[in-house]
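**Student:** need a 3D model of the sequence below.
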Amino acid sequence: MPVYIRKNVNFTPPSIDNFPLEDDEDYITDPDQLLDRLPQPYRMIDKVLSQWYDEVWQIIEKRENERLEESRRIRAPQYECSAQMESQGRACCVCDSVDGRYIFIGQPRGLSAVDVQTQEKVASWEEESVDIHYVKAYLIGVQVYLVVTIDDMGFARLLIFGGDKFYFVKILNEFQSDDFGSELQEGGTKLIISKCEASRNGDYLGAMFENPETAEVWLEVYKLPRDAWLNELESVLTKKEEKSEEDQGTDTQAPTDQEAPTPQNEVEPPPAATQSRKHSLSRGSSRLSVYTNTTNYEESTGGEKHTPKLSPTSVVMKLKPPPSMSELRQKGNPASSIHSACQKVDSGEVIGTGVNHILTPNHKDMRKEVFAHLHDNLMEYLPKEEEAEPLEDVNFHFMTAGRLVPTGLEQQSQIEEEDDMKRLPTTIAVWWKGSTHVVHYSLLKQHKDFDVKPDLVWPYLSPVTSSAISDDTSLLAVGFENGNIIIWDRYLGIQRGIVNIMDRVKIVQLTFLDPNICPQNLDDYQPYRTKTSTHLLALCDNGALYIMMSGPGLELDPICITPPVESEDDIFTMVQPIPGMHDLLITVLKSGKVQIRDTLQGTVLCEPVLPKSHELMTPWDPVVAVGAMGQVLFLKGNNKDYGEEEGGDQSESAGALFMYQMKLFPTLDSYMSRRRDKVSQTVHAKIENRIEALMKERIAQQGLRKHRMQERWGNMKEEIWSILQYKDMAEKKADNRPEIHYKRVRNLSQTPGSMGWTPFFRN
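**Tutor:** Numbering: from 1, shown residues only. Alright, predicted model coming up:
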């Protein structure tokens, strides 16, 4: 049979992007519902009610949007700054201490520590040609802080601030010499650090390195000897205290050259200063008290610079970014042979990342050629593959022990530890920009170079865009590019919930709020504490701000407190809870406005404004700090009339620091006077504690049990008397019943109930 093949056939290009979205109503369980779901007239009634419901819902949404727009039109009160910190010079970056006592100011030639209450400089660290652009402080002891800085050249420095003095530790991306200085290795490549963060208590530190010549990036994790640093600093301050007491006893006017080592670039206060205070430097004890000067003094540049010898840091692991998905599809496994590729395949103990497979580049090229040959007429309609951006950013969280890590790495003693200062991180969670995996690495294992395999892998379908962890690291939230949010309970090893904020909306920021502003479920029967509820704040790329409550047995119900913005100037560039008062948010808009909002309602309470001669510097990356646990606000402003002819970058007007007393804002009086009790997020309810709580409750209810037993015995007497009465009445009724006698008829052809069988009655 002949077959006719038509030539010059035009193929219709596939329209992949025009596929309709799936709808839940498209799927039916009963085929009969396809023709007749409801009989008439109920079908018409259902259609009318559905239409009426949609119209009512549209009216509700319209009124709600109008109410939100009207609330946004109401101009919040504006408050001007109370003082300008002119004595601090140009401020490049500002950071507050965890306890709110100090603020650390990064300057073009070093770092300064300022007391929040008095606004006086306490100590300073200076270095020529060092422009500090990033500073972050961590509380590692009682009034002892680990300060991490990054300058404009990409060098990361570690300093310790304690006893009102700075102590230089090291530079992470430079090689140290024997005299405790630092210098670049001759002929070596200069490495840049773009991100450097430490754990909450300063036990571990992670730094992202970048090689400008090869464009390679990697993450290095360091173990910091926190306890050793505290002991060494304590011994140094003890010697200085003993020396000062000897000098006061002998009425000496100046210290000798043989005194204890002093911090680098640190200047001793004048002898005339008499005000002093005591600082306890140990982590959990107060064995040492050091008298230090708190008055303002002028710095001098003379004298030899010394620094005490501190214990060195140690590298725990080095992590390279995984290849992108497009790179995996194009290049495949770079192994030279199948045998070497099989050796790199994951062992199967944990879910792999998809990097180590046996698909070689030759295999990939062959499959491409076969596909192109079979579909030559359709290749022109395929969408062009976009070049994926390199994974140049990394996000990581140091986490304490939990029940999500593999067996053997959970450290049961650390899980049940109630003191946060004694709980050491045991795991680090890492995800790279554009990656779809969140990988967990154990900090207890010994790793070699870059050959580090993850101990736990969380694969997802959508790229990860944001993440957040609670203060005690018991909760971990992950946000995705498709608008989904997942919350994990690491302490119990379960998933608390998953929610979709909005389709095709990217989650750009997640923040856990303090549980003291969240209502706790106290109606349970258990006399011991149960899981704690907390709020999660989510910021989307369209400017919408959502808040949801995560608690035991609760569904994640996102509430929109700020609708999506229409103007690009209204997009948030900073959303941060105020330390000590998480029911207040400080937000910065792209237009340069600084606002203080209610966390749960999203309403603007007030707007701190700069003087008319200044404007907020770099609104896309604002410099904002809050000290004294939410009492004082610091903003960095730029002079509008500033020009290079007026002094260049070194002019103080280029970056002035303004201070606001938030406790003087009338609209915040109710928030300032509100009582906030500390609520722990992690609940350590051991079996011994549960039994003890139940026994105490049982003993406390013993008096009530005696009263209930007496009442029960009284009720039993009445019940027994009622039962006896019913018995007597039943016997009397039985005696009064008529007697019925039956006469038996001996007839074989008849049976009881048949014709001829008749009973005889006798009264």
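
**Student:** for Pro563, grab the count of nearby residues.
**Tutor:** Neighbour count for Pro563, taken as other CB atoms under 10 Å: 16. C-beta: built from backbone N, CA, C; applies to glycine.

**Student:** how deep is the nearest residue to it once chain neighbours are set aside tucked in, by neighbour count?
**Tutor:** In space, and not counting its chain neighbours, Pro563 is closest to Leu68: 5.4 Å by CB to CB, 6 or more residues apart in numbering. As a burial measure, Leu68 scores 16 neighbours (other CB under 10 Å).

**Student:** do you know how far Ser244 is from Ser124?
**Tutor:** 21 Å (CB to CB, to the nearest Å).

**Student:** again with Met695
**Tutor:** In terms of CB to CB, Met695 sits 59 Å off from Ser124.

**Student:** ok, these two, which is more surrounded?
**Tutor:** Shown here are Met695 and Ser124; by other CB under 10 Å, Ser124 has more neighbours (20 against 11).

**Student:** a helix runs through the more buried one, doesn't it?
**Tutor:** No. Counting by DSSP: H, G, I helix; E, B strand; the rest coil, Ser124 is located in no helix; its state is strand.

**Student:** surely it and Gly110 touch.
**Tutor:** Yes. Between Ser124 and Gly110 there is a contact under CB atoms under 8 Å: 6.1 Å.

**Student:** pick out the least confidently modelled helix or strand of the chain, by mean pLDDT.
**Tutor:** strand 290-293 (a mean of 33; mean pLDDT, DSSP states H and E).

**Student:** packing partners of the helix or strand following that one?
**Tutor:** Per DSSP states H and E, the first helix or strand lying C-terminal to strand 290-293 is strand 314-319. Secondary-structure packing of strand 314-319 (3 or more CB pairs under 8 Å, 6 or more residues apart in numbering; DSSP states H and E): strand 216-223.

**Student:** next, the buried residues of the strand it packs on.
**Tutor:** Buried positions in strand 216-223, judged by neighbour count with 16 or more other CB atoms under 10 Å: 217-222.

**Student:** ok, stretch 97-107 next?
**Tutor:** 97, 99-107.

**Student:** where does the stretch 401-550 of the chain have low pLDDT?
**Tutor:** 406-422, 447-451, 521-530 (pLDDT under 70).

**Student:** residue ranges of the strands in it, please?
**Tutor:** When assigned using DSSP state E, counting those that start in this stretch, the strands of the stretch 401-550 of the chain occupy the ranges 427-432, 437-442, 456-459, 464-469, 475-480, 484-489, 494-500, 507-512, 534-540, 545-550.

**Student:** export the ones you listed as TSV, with columns for distance to Thr562 and mean neighbour count.
**Tutor:** As requested, the strands of the stretch 401-550 of the chain are arranged in TSV below (distance: least, CB to CB, whole Å; neighbours: other CB atoms under 10 Å):
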stretch	distance to Thr562	mean neighbour count
strand 427-432	26	24
strand 437-442	28	22
strand 456-459	30	16
strand 464-469	17	21
strand 475-480	17	23
strand 484-489	17	21
strand 494-500	18	15
strand 507-512	13	21
strand 534-540	9	24
strand 545-550	4	22
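
**Student:** would you reformat those strands as a markdown table and include distance to Gly655?
**Tutor:** Converted to a markdown table, those look like this (distance: least, CB to CB, whole Å):
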| stretch | distance to Gly655 |
| --- | --- |
| strand 427-432 | 33 |
| strand 437-442 | 37 |
| strand 456-459 | 42 |
| strand 464-469 | 29 |
| strand 475-480 | 33 |
| strand 484-489 | 37 |
| strand 494-500 | 41 |
| strand 507-512 | 25 |
| strand 534-540 | 27 |
| strand 545-550 | 29 |
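
**Student:** circling back: tell me the one of the buried residues of strand 216-223 nearest Ser567?
**Tutor:** Checking the buried residues of strand 216-223 against Ser567 by CB to CB gives Val217 as the nearest, at 35.3 Å.

**Student:** and the nearest residue to that closest one once chain neighbours are set aside, which of the three is it?
**Tutor:** Leaving aside its chain neighbours, Val217 sits nearest to Glu210 (4.9 Å; criterion: CB to CB, 6+ apart). Assigned by three-state DSSP, the conformation of Glu210 is strand.

**Student:** in the helix with the most length in the chain, what counts as buried?
**Tutor:** With secondary structure taken from DSSP state H, the chain has its longest helix at helix 702-735. By neighbour count on 16+ other CB under 10 Å, the buried set for helix 702-735 is empty.

**Student:** ok, stretch 566-581 next?
**Tutor:** For stretch 566-581, the neighbour count (16+ other CB under 10 Å) marks 571-581 as buried.
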